[in-house]
Every structure is written in C-alpha cells, then in structure tokens.
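In: Model the following, please.
(chains A and B)
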Number of protein chains: 2
Amino acid sequence: MIKNSGTVSESHPMNGGDGVYSYTKNSSLQRAATNVAKTKMDDAIAEKLDVSSECTFRIADLGCSVGPNTLIAVQNIIDAVQHKYQLSQAPASHTPEFQVFFNDHVSDDFNTLFASLPPKRPYFAAAVPGSFHGRLFPESSLHFVHSSYALQWLSKVPEELLNKNSASWNKGRVHYTSAPDEVAHAYGAQFAEDMAVFLDARAKELVTGGLMVIIMPAIPNGIPHSRTPAGLMFDLLGFSLMDMAKEGLISEAQVDSFNLPVYAASVKEITELVERNGCFSIERMEITTPRQSSIDGPASRQACTMHLRAGMEGIITKHFGAEIIDQLFHRFHKKTEEFSDMMESSSKEGTQIFIVLKRV
Amino acid sequence: MIKNSGTVSESHPMNGGDGVYSYTKNSSLQRAATNVAKTKMDDAIAEKLDVSSECTFRIADLGCSVGPNTLIAVQNIIDAVQHKYQLSQAPASHTPEFQVFFNDHVSDDFNTLFASLPPKRPYFAAAVPGSFHGRLFPESSLHFVHSSYALQWLSKVPEELLNKNSASWNKGRVHYTSAPDEVAHAYGAQFAEDMAVFLDARAKELVTGGLMVIIMPAIPNGIPHSRTPAGLMFDLLGFSLMDMAKEGLISEAQVDSFNLPVYAASVKEITELVERNGCFSIERMEITTPRQSSIDGPASRQACTMHLRAGMEGIITKHFGAEIIDQLFHRFHKKTEEFSDMMESSSKEGTQIFIVLKRV
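Out: Reported below is the predicted structural model:
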C-alpha cells in the first residue's frame, strides 16, 4: 500500500471556476510572487541544475490550485531548462520531453485547470490529487519540484488551540497574530511537523541532483506578525468576526473554535528543518519582497479584500456557513479603511521567502 | 511543442456525478466486459509481460471515464503484475512502485473520479486529460496500456455523411446500422484513420516489451449490424428520433445531420491495422461474449435504456438540446418493448473483442 503520512491533511480549496470571487481572477498577489521568482528561478536552473541524458524531465507543481499562475510558473521552468540543455555541450544531452504534474487536494477544481491548459504546450500534462503532506509520486521519479504559496497551509489546526484548558486556547482570534506566545508556538510546532513530512516525501520522490524551489510567505526578522500586511489582515478578519459575534449574528464560541491553518516561517526555522531532514543542500534561501504597493490606497484595499476572499471563502464557509460571507467581507473591507494608516505603515519588506534545495 | 495528431477529437463525456442517470451508476455492461477480461488479462500478464528491474511500473487507462470500472481494471492489472514479480526468481526483479494514469477527454468528470479513488491503494494516481487520438505521454514512459470500451468512439463523424450529394449521406438514420454500404464504408475509413493515429502514439509511449490490452465492441463474422444488440439499439434510437421528427418535435434535418461516432470493428480489420502499424506483435486477439442475458426481459430492457442514456445523453443533448432527452428515452424504452422479439433473437454471441499487443 502507498503509505500516506500519519497527518491527515485538511483540504481548503481556493474558489474554483472563473467568476468574480474566483481564485483565477484574484490571485494577482501570487502572480507577483511568481514574477519576482522568475529571474531567481532562471538563475537557479542555469547554475544548479545538472543536465543529464534523461529521456523525460518530470516537473511537479505542488499546491497548484487553479488559474494562470501554475501555468506561468511551469512555462518559466521549462524555458529555463530547455535553455540550459541548449547551452550544454555534452553530446548525450539532447533536450528531453517534459511531463508536468499539477498537484492539489482532491477537491481542487481540476476541470477548470485542464480547460485552461494551452492547447499547444511543450509538455505532457497530468494532475495528481492529494495532499503533499505525504507521498504523491514514485521513488526518484521527479527532476524538479515547484511550490509557490502553498506550504504556508498547515495540514491541520494545532489541536491544543481548541482546548479551553490549554494556554494555547485561541479565544477571540482566528490566527496566532496578536496572540499569546503559546498560540504561536503551537502553530510553529505544527509547521515543523508538516515540513518534516513534506521534506521526507520529496526526498524520496526527487532524483539525486533534482531541484526543489519553494516560495512562501515569511516573517521578516524582528518584526511582529501584527505589523506585517498578512498578520494585520488576519487580525482584521478576527475583529470583523468578533463584531458579528457581539451583534449575535454568529456565536463567540464559533470564533474561538475557528483558526486559520496558515503559517509564515522565518529563515532560521526553515534552515533548521531542512538541515534536520538531511537529504537536501540549501542552494539559495533569501527573503524577498512580493511587491511594494500591495495594500496602499483604496484600490489596493479592494484587491486585498478580494484576494483574501478568493483564498479563504472556502474554509470560512465550512465553519460559519455561506450566509455570513458577503457581510463578513463587507465588514472586513470597512476595517481596512479604518486601519488604513496601520496598513500603510506595516512592514511590506521581506514578507516572502525564496528557497532552492537540491537533493543530494 | 507537443504535437497532437491532425485529428481533432470530439469529446463526448459519459454522464458525470453519481445520480440516477450517471455513468457511475449505469456502466454494468462495461463492468461485465471487465470481469470477462480479468482472467484473460491475468493470463496475458503471466505469459507475456517481461519482468524487468524498473523502479516504477507505469500503467495508463485510456478512455477511463468515471465510475468503478477503471478502478477495478487497474487493481486487476496491478494484482497480476505483482504476482508475476513475486513468482520471478530474477534477483533484480523486486516489485516496483506503480503509477497509474487515468486518461479521458478534458471534459470528463475527473473530480468525481478522484473522489472515488480508494484511500489506501497500491499505486500513485494521476489524471491525464486529452484525446488518445494523439500523444499523451512522454516517449517510452509506459509499461502497460489498458483501454476498455473506448476505442469504438471515433474521433469525429465522417464528413461525407453530412453531404447531401454524397452516396454516404445518412438520411433518417443516426448510425451505419441498416444503412447503405457507403455509409458503413465511411465509418470504417474513419475508424482505420483513428486507429492508425492511436497505434502510432502508443508505439512511441510504450517501452519495448510493454503490453497493451484493448477491449471493445466487435462485429461477429457474417452477422449484419442490425442483428446485433448494439446495432438494433442504434436503429431503435433512430426510429424514436424520426417519430419525434414526424410529430414536429424536432426537424428531420436535425436527425439527418446527427450520427453517432461509434464503430464496431471486425477481427480482420483490426489485425490489418495493427500489422500496417508494424510496431506491435499480436499476442492474443479473440472474440468474446460480454454476457448472455444483456437485453432479455423487461428488467434488462430497462437496464439497456439506462445504459444507452448514461453513455449517449451528452452527445444527443449537444445536438438536439436537453429538453428532448426524457421524452426520447421514454420512446426508446417503448421501442425496446415493441421490438423485444427481435432483441431477444439478436446475436449476443461474440460482440466483443479482446486484444493483447506487445511493443516489439
């Protein structure tokens, strides 16, 4: 039997289809991340990839979701690998055929993804359903793994957050932002556990010399989460829900038991986890900035609301029901106005981490 | 660029979901085919498969549709291959890991398929969207190809059928059953073209020594199509549509321009096409009988109606609109009563072909 890891990963699909609140139409922040990463990824492939005489070059995009970002990222990778093969003088190194595996949870909208595949494309496409917190591919079958804005999703909410007698009980909040240290520690421990499982699985699946590029939100050194745009967003979401609880539209207990399973790690944490795994060399690990103007001004606040809705509507609906969604995001949007000074002064520098690992 | 074949294959998905008219709930005939094939496939694997030291054994189910049949067939194949490896005494032949590619048109309901995958399964699953009338996989990347009840679907209706000035104009019918020879010839030519493209693509994708098992409807030697259960079904469908045209519910021109792109080939035709391709040895090719009682009695006539509806509703709706469907199948069902003597006396023997090819 294929052993899935002990961790049963929860599924929180982005909004499917291509409607006004869809992830397809509201993933420009993730696209900005992809664009920032392009040059860095080109460099990593040029400098770090071993060109071999493989007949097929297999690429996986883990946590691909739907929409254009996964297709852009995959095309970037293939362009760079083809370029590297063309430059290579080794006689056996003719350019291989490419096979691309788009991975996400079973509940991802794979039909929308398939419909958006370019009809003429330089690769054979496949979809792989399931959680990347466990094995997804045969041993030594992948040459390149890419994962952008997916590993911040924890496999589950840390259990102690739901225990009223625990110091980690997260009363009145939906995240560890602005929470006691115990809450942040519980999140950090869950992230460490998830990354260990993730790295174990990838170590088995990547060929020796294979590369893995990870892009994810990060916490800049010495900045509290509540002073980052994402941390502030989660605070405002919590405030909006608590306002609704106070008006009796939902219960406070519902808010207490709701926690977003997302985590922004630091360079130090990730470095330690990779070293503990022992199967990868760190070829590059740097803090980057997705874009400068991400949440300044009314247009950006609107984009921020839409972005949060596209990504989080599914998980919020599952807990609170669909009927609160419109009102919740209306309130959230008003909060972004109310707190606009704080948003504009929040630290937008260095909220993303770009990592290149090589299977040794 | 990945070259898709010149043939642009039309997509006619089976009914998705798991409702009363779904393919999932109405594919017992195809399942019977799978059961009949199990012993034959076990034998083919035991006798014809070369056990190598591959790290991954890759299986493709082409035209998998949704529902349980594809999963049963894949499990059968893996059981037989594992058994073969266990019996093998060669030191290097440890049992490989399995990767299974489920293929069907982009419009297939892949999410239903993914949701029905067994949580504990002895293989890594992937879906490959696209027409098997063209390349789907990298060169020499597959070890076993399986295709059950899919190759009877033509990539398109032969164009001359729609030309009023052609001898192949198929007036008042929806199939070549009971049609002039020219119509049957046009269908046969399209099938030959499609099979040539199919075999070319698979010849590139299969490793040397790889096996391909094909199960499809066939025409028994010397029996006219109108005397087979499937041929009779298509005649009754045509009669039902023409009745509706005569009552003005649809137009005769609509019936004239509608033709089901399905074909039942003979052993002779398939043998010639495989030999013309030249990349495969025919290890086994035999006419089989799916099941004896497929269309006898009222319960079987009901099953026959449901079966036809699950498979053909999509393509009929596309041409005539959804509003005629209930009435059409109600009429069709009455026709099966009216023609029950003919149905019960129709030739149920030898309406299926089982083929094992080996990539040489």
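
In: By proximity to chain B, which residue of the stretch 151-300 of chain A wins?
Out: Closest to chain B within the stretch 151-300 of chain A is residue A:205: 9.3 Å, counting by C-beta to the nearest C-beta. C-beta here means a position set from N, CA and C on the backbone, and glycine is covered the same way.

In: who's in contact with that residue?
Out: Contact analysis of residue A:205 by C-beta atoms under 8 Å, 6 or more residues apart in numbering or on different chains lists A:60, A:135-142, A:145.

In: Leaving out sequence neighbours, find the closest residue to residue A:45.
Out: Nearest non-adjacent residue to residue A:45, counting by C-beta to C-beta, 6 or more residues apart in numbering or on different chains: residue A:80, 4.0 Å away.

In: I'd like to know which of the contacts of residue A:205 is nearest to residue B:123.
Out: The shortest gap between residue B:123 and any of these belongs to residue A:138, at 9.0 Å (C-beta to C-beta).

In: now the strands: where do they sit in chain A?
Out: Per DSSP state E, chain A carries strands over the ranges A:56-62, A:97-104, A:124-129, A:142-148, A:206-217, A:280-288, A:352-359.

In: Those residues of the stretch 51-200 of chain A touching chain B, which are they?
Out: A:55-56, A:96-99, A:101, A:106-107, A:109-111, A:114-115, A:117, A:119-130, A:135-141 (C-beta under 8 Å from any C-beta of the partner chain).

In: So among these, which ones count as buried?
Out: With neighbours counted by 16 or more other C-beta atoms under 10 Å in any protein chain shown, these contain buried members at A:56, A:96-99, A:101, A:106, A:109-111, A:114, A:117, A:121-130, A:135-138, A:140-141.

In: still on that earlier bit, got JSON lines for the contacts of residue A:205, with pLDDT and distance to residue A:258 too?
Out: Formatted as JSON lines, these follow (pLDDT from 0 to 100; distance: C-beta to C-beta, whole Å):
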{"residue": "A:60", "pLDDT": "98", "distance to residue A:258": "32"}
{"residue": "A:135", "pLDDT": "97", "distance to residue A:258": "30"}
{"residue": "A:136", "pLDDT": "98", "distance to residue A:258": "29"}
{"residue": "A:137", "pLDDT": "98", "distance to residue A:258": "34"}
{"residue": "A:138", "pLDDT": "98", "distance to residue A:258": "38"}
{"residue": "A:139", "pLDDT": "96", "distance to residue A:258": "39"}
{"residue": "A:140", "pLDDT": "95", "distance to residue A:258": "41"}
{"residue": "A:141", "pLDDT": "96", "distance to residue A:258": "38"}
{"residue": "A:142", "pLDDT": "97", "distance to residue A:258": "36"}
{"residue": "A:145", "pLDDT": "98", "distance to residue A:258": "32"}
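
In: contacting residues around residue A:73?
Out: So residue A:73 contacts A:34, A:37, A:61, A:146, A:148 (C-beta under 8 Å, 6+ apart).

In: Then residue A:184?
Out: A:176, A:225.

In: rerun at 7 Å
Out: residue A:176 (C-beta atoms under 7 Å, 6 or more residues apart in numbering or on different chains).

In: From what I see, residue A:44 and residue A:213 are in contact.
Out: Yes: under the criterion of C-beta atoms under 7 Å, residue A:44 makes contact with residue A:213 at 6.4 Å.

In: Number of residues surrounding residue A:299?
Out: 9 (other C-beta atoms under 10 Å in any protein chain shown).

In: Please apply the same query to residue A:315.
Out: Residues near residue A:315, counting by other C-beta under 10 Å: 18.

In: do residue A:47 as well
Out: Neighbours around residue A:47, by other C-beta under 10 Å: 11.

In: Kindly report the same for the one 10 residues further on.
Out: In terms of burial, residue A:57 registers 25 neighbours under the definition other C-beta under 10 Å.

In: Residue A:336 now?
Out: Residue A:336 is flanked by 22 other residues according to other C-beta under 10 Å.

In: what's near enough to touch the closest residue to residue A:175 other than its chain neighbours?
Out: With sequence-adjacent residues excluded and distances taken as C-beta to C-beta, 6+ apart, residue A:175 is closest to residue A:234, at 3.8 Å. Residue A:234 is in contact with A:174-175, A:177, A:260, counting by C-beta under 7 Å, 6+ apart.

In: how does it look with 10 Å?
Out: The contact partners of residue A:234, by C-beta atoms under 10 Å, 6 or more residues apart in numbering or on different chains, come to A:173-179, A:225-226, A:228, A:259-260, A:262, A:308, A:312.

In: With residue A:161 instead?
Out: Taking C-beta under 10 Å, 6+ apart as the test, what residue A:161 contacts is A:168-171, A:173, A:176, A:179, A:182-183, A:186-187, A:190, A:256-259, A:261.

In: Just the pLDDT for it.
Out: Looking at residue A:161, its pLDDT reads 92.

In: Over to residue A:287?
Out: pLDDT, read off for residue A:287, is 91.

In: Quick one: neighbours of it, just the number.
Out: Counted with other C-beta under 10 Å, the neighbours of residue A:287 add up to 16.

In: what is it paired to in the beta sheet?
Out: residue A:353 (DSSP bridges).

In: Which two of the contacts of residue A:73 have the greatest separation?
Out: Among the contacts of residue A:73, A:37 and A:61 lie farthest apart (C-beta to C-beta), at 12.6 Å.

In: okay, and the common contacts of these two?
Out: Both residue A:37 and residue A:61 are contacted by A:73, A:146, A:148, under the criterion C-beta under 10 Å, 6+ apart.

In: Which of those sits closest to chain B?
Out: Proximity of the shared contacts of residue A:37 and residue A:61 to chain B (C-beta to the nearest C-beta) peaks at residue A:146, which lies at 16.5 Å.

In: where's that closest one relative to residue A:44, distance?
Out: Distance, residue A:146 to residue A:44, by C-beta to C-beta, to the nearest Å: 11 Å.

In: Return every residue with contacts to both of these two.
Out: With C-beta under 10 Å, 6+ apart as the test, residue A:146 and residue A:44 both reach A:37, A:77, A:211-213.

In: closest to residue A:288 among those?
Out: Looking across those and measuring by C-beta to C-beta, the closest to residue A:288 is residue A:37, at 7.8 Å.
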